[in-house]
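Asks: A structural model of the following input is requested.
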Amino acid sequence: MEHDVTLIATLAAGLGLALLMGLAASRVRLPPLVGYLLAGVIVGPSTPGFVADVALSQQLAEMGVILLMFGVGLHFSFDELLSVRRIAVPGALVQIAVATLLGVLLSRAWGWSLGAGLVFGLALSVASTVVLLRALEDRGLLKTLNGSIAVGWLVVEDLAMVIALVVLPAIASALGGSSGEAAGSVWIAIATTLASVALFVALMLLVGRRMIPWFLWQVSGVGSRELFTLAVIAVGLGIAYGAAVLFGVSFALGAFFAGVVMGESAFSHRAAQESLPFRDAFSVLFFVAVGMLFDPRVLLQQPLQVLAVVGVVMIGKTAAAFLIVMAFRYPLNTALTVSASLAQIGEFSFILAALGVAYGLLLPAAQTLIVAGALISIALNPLLFHAIEPAHRWLRRHSERARRAEMRDDPLSQLPTEVRPERLTGHVVLVGYGRVGRRIGGALRERGVPFVVAEWNREVVSRLRAEGLLAVSGDAGDASVLIQAHVARARILVIASPDTSRARGMLDIARRLNPHVQTVVRTHSDEEAELMRAEKVDRVFMGEHELAMGMIQDVLGRFPAAPSDAA
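Replies: Numbers count the residues shown, from 1 in each chain. Below you'll find the model as predicted:
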């Protein structure tokens with residue numbers, strides 16, 4: 001009896017070749033994802049030999065996007081999302097507008113129509129979900145302020161693209177396409193989309209927050225690990241599919257909100273661990289699927305056009321995002337990280353391009369250029385992340401005077417002038433005011449201990465000042481920020497931010513300004529804790545260790561003390 005083994009063949013070829021090419025890329029000091037992309041090119045229809053099922057690969061890649069966004073949602077919270085809305089919303093919208101304009105200008109220079117230029121520009125404006133999140137996770141940036149801004153920016157981009165996908169069919173004929181609905185229905189389509197998204201978010205907040213944790217509790221009570229894993233995957237995929245079918249929301253956005261809601265429950269950590277192998281495997285298939293869409297002949301037939309597309313994605317978008325973040329007076333490191341995160345395109349770009357071709361707005365050649373731009377930008381994106389630190393050092397060295405002038409003009413970067421210096425003697429400098437920092441700050445406030453918060457998030461600093469607390473905005477790895485926090489007269493420096501990779505720089509600056517300052521640092525692993533102890537930190541706290549010690553003390557406290565042996 002014959003069997004259809006298309007799925008098995010696609011998985012075997014995709015994952016097997018991705019493993020080999022990923023290892024080969026690592027051997028020559030390239031990111032493994034470059035190998036995954038090459039594996040897709042090899043099994044794609046544009047190269048000789050075995051050809052995997054392209055349509056099936058795209059569905060498997062969509063699974064990777066869903067699971068990855070679901071995992072990000074598990075570690076995210078609405079508070080973090082709302083805390084960066086003032087930069088993420090206008091930043092994403094302005095960056096989309098700039099990239100779209102660059103795409104229109106480029107396409108008009110090639111003689112394309114305005115409609116083709118709009119679709120082309122929109123396709124170049126939206127970053128790849130998988131690439132951005134993988135880059136942040138690999139570098140431990142996902143839970144930092146930089147990561148929160150980038151993810152918030154990504155969510156806004158996804159929402160904008162959802163609206164674009166709904167509106168495009170309505171305006172296709174007005175833009176010169178071969179088909180489309182009446183142009184007068186555009187505003188109705190926008191209003192309907194916004195109402196659907198709002199209804200979905202409301203249901204997740206009002207119903208999902210109660211039902212999902214309750215459901216997982218029931219499954220957990222059975223005591224079966226397989227059932228719990230199945231429940232986590234089923235909830236993530238089910239909500240993503242339902243969001244797309246019932247509310248017109250993208251799979252990725254639906255999965256993200258499903259993860260956010262599940263992250264509010266007590267099972268968030270376990271759910272993240274159970275879904276991790278699936279996320280990793282299917283995210284690899286995403287890169288393989290991108291490679292399958294690439295036709296290498298375009299590099300020989302249209303090299304200048306490909307170079308121009310890559311320039312818009314990796315230079316135009318990057319410069320726009322960098323200037324936007326700097327305009328909001330965030331630290332230089334934040335601007336570099338966010339702009340590097342967005343310097344690529346991916347899944348939404350392919351969907352927009354396919355829709356543009358279907359409605360006669362784009363030629364297939366334009367779709368090929370978009371795919372080429374996606375593959376090259378994804379392959380080169382890790383190099384931008386490696387360039388962040390050298391660029392940071394170079395820019396700071398060559399713009400020290402401009403940075404000082406900016407600080408003088410920025411009221412949030414320095415304490416109010418009415419703060420008397422004697423009030424800030426023997427105080428605590430608290431770096432980071434996230435979940436951990438808020439608890440520390442609350443305890444210090446209750447005890448009447450004076451403290452100054454050093455925090456990157458300007459909205460948090462503004463809110464703290466409104467509450468009458470002392471706070472300065474900026475990167476505590478910058479000496480000027482700790483100087484403004486008067487660390488020279490502080491008694492204790494508490495580093496509560498999750499970005500421990502920058503803690504060593506903060507410690508060095510603080511000790512040069514105040515050799516007698518006591519230091520308390522938060523870490524995430526035994527390796528980080530050992531590094532901090534090597535830096536002569538007075539007290540190092542690691543989450544799992546402190547939790548275990550607290551539980552041990554509670555358990556032992558329930559037993560009577562053992563009688564001492566007679567002398």
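
Asks: switch to C-alpha atoms for all contacts and neighbour counts from now on
Replies: OK.

Asks: Show me which residues of the helix or strand harbouring residue 379 are buried.
Replies: Residue 379 is part of helix 364-386, with elements assigned from DSSP states H and E. Using 16 or more other C-alpha atoms under 10 Å as the test for burial, helix 364-386 gives 366-382, 384-385.

Asks: Which helix or strand lies directly C-terminal to the host helix or strand of residue 218?
Replies: Using DSSP H and E, residue 218 falls within helix 209-222. Remark: after helix 209-222, the chain's next helix or strand is helix 225-247, criterion DSSP H and E.

Asks: quick one: contacts of the helix or strand that the helix holding residue 379 is followed by?
Replies: Per DSSP H and E, helix 364-386 leads on to helix 388-398 as the next helix or strand towards the C-terminus. Contacts to helix 388-398, defined as C-alpha atoms under 8 Å, 6 or more residues apart in numbering, come from residues 332, 333, 336, 337, 340, 403.

Asks: quick one on the thing from earlier: average pLDDT for the helix holding residue 218, rounded please.
Replies: Per-residue pLDDT over helix 209-222 has a mean of 82.

Asks: how far off helix 225-247 does that helix point, in degrees?
Replies: Interaxial angle, helix 209-222 versus helix 225-247 (axes from the mean of the first three to the mean of the last three C-alpha atoms, to 10 degrees): 160 degrees.

Asks: ok, and for helix 209-222, which residues are buried?
Replies: 209, 212, 213, 216, 219, 220.

Asks: host element of the spatially most central residue of the chain?
Replies: Centroid check for the chain by C-alpha atoms, centre = their mean gives residue 151 as the closest residue, at 3.5 Å. Element membership of residue 151 [criterion: DSSP H and E] is helix 145-171.

Asks: so how far is that helix from its chain's centroid?
Replies: Its chain's average C-alpha position is 13 Å from that of helix 145-171, according to C-alpha atoms, centre = their mean, to the nearest Å.

Asks: In stretch 229-240, which residues are buried?
Replies: Residues of stretch 229-240 classed as buried by neighbour count (16+ other C-alpha under 10 Å): 229, 231, 232, 233, 235, 236, 237, 238, 239, 240.

Asks: Run a quick neighbour tally on residue 149.
Replies: 28 (other C-alpha atoms under 10 Å).

Asks: Let me know the pLDDT of it.
Replies: Taking residue 149 on its own, its pLDDT is 86.

Asks: Touching, it and residue 84? I think so.
Replies: Yes. Contact criterion C-alpha atoms under 8 Å: residue 149 and residue 84 qualify, at 5.8 Å.

Asks: shared neighbours of those two, anything?
Replies: By C-alpha under 8 Å, 6+ apart, no residue touches both residue 149 and residue 84.

Asks: hmm, back to that, tell me which other helices or strands the helix holding residue 379 touches.
Replies: helix 32-43, helix 114-125, helix 268-293, helix 298-301, helix 303-311, helix 332-341, helix 347-358 (3 or more C-alpha pairs under 8 Å, 6 or more residues apart in numbering; DSSP states H and E).

Asks: Figure out how far the longest one is from the centre of its chain.
Replies: Spelled out, that is helix 268-293. 15 Å.

Asks: Report the buried residues of it.
Replies: 268, 271-272, 274-275, 279, 282-293.

Asks: re earlier: could you point out which of the helices and strands packed on helix 364-386 sits nearest residue 136?
Replies: helix 332-341 (7.8 Å; C-alpha to C-alpha).

Asks: quick one on the thing from earlier: what helices and strands are in contact with the helix holding residue 218?
Replies: helix 225-247, helix 251-263.

Asks: and that helix, C-alpha only, in PDB?
Replies: Provided in PDB are the C-alpha atoms of helix 209-222 (Å, rounded to 0.1, in the frame of the first residue of the first chain):
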ATOM      1  CA  ARG A 209      -7.300  35.600  32.100                       C
ATOM      2  CA  ARG A 210      -9.800  33.500  34.100                       C
ATOM      3  CA  MET A 211     -10.500  30.600  31.900                       C
ATOM      4  CA  ILE A 212      -7.000  29.700  30.700                       C
ATOM      5  CA  PRO A 213      -5.400  29.500  34.200                       C
ATOM      6  CA  TRP A 214      -8.400  27.500  35.500                       C
ATOM      7  CA  PHE A 215      -8.100  25.100  32.500                       C
ATOM      8  CA  LEU A 216      -4.400  24.500  33.100                       C
ATOM      9  CA  TRP A 217      -5.000  24.000  36.800                       C
ATOM     10  CA  GLN A 218      -7.500  21.200  35.900                       C
ATOM     11  CA  VAL A 219      -5.100  19.600  33.500                       C
ATOM     12  CA  SER A 220      -2.200  19.800  36.000                       C
ATOM     13  CA  GLY A 221      -4.300  18.100  38.600                       C
ATOM     14  CA  VAL A 222      -4.400  14.900  36.500                       C
END
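
Asks: tell me the angle of that helix relative to helix 268-293?
Replies: 100 degrees.

Asks: roughly how far is helix 209-222 from the heart of the chain?
Replies: Worked out by C-alpha atoms, centre = their mean, helix 209-222 lies 28 Å from the chain centre.

Asks: so is residue 520 in a helix, a strand, or just coil?
Replies: strand (DSSP: H, G, I helix; E, B strand; the rest coil).

Asks: Who are the contact partners of it?
Replies: 492, 493, 494, 495, 537, 538, 539, 540, 541.

Asks: how near is residue 81 to residue 147?
Replies: 11 Å (C-alpha to C-alpha, to the nearest Å).

Asks: okay, these two: which has more neighbours?
Replies: residue 147 (22 against 17).

Asks: Is it correct that the more buried one is in contact with residue 136?
Replies: Yes. The criterion here is C-alpha under 8 Å, and residue 147 meets it with residue 136 at 6.5 Å.
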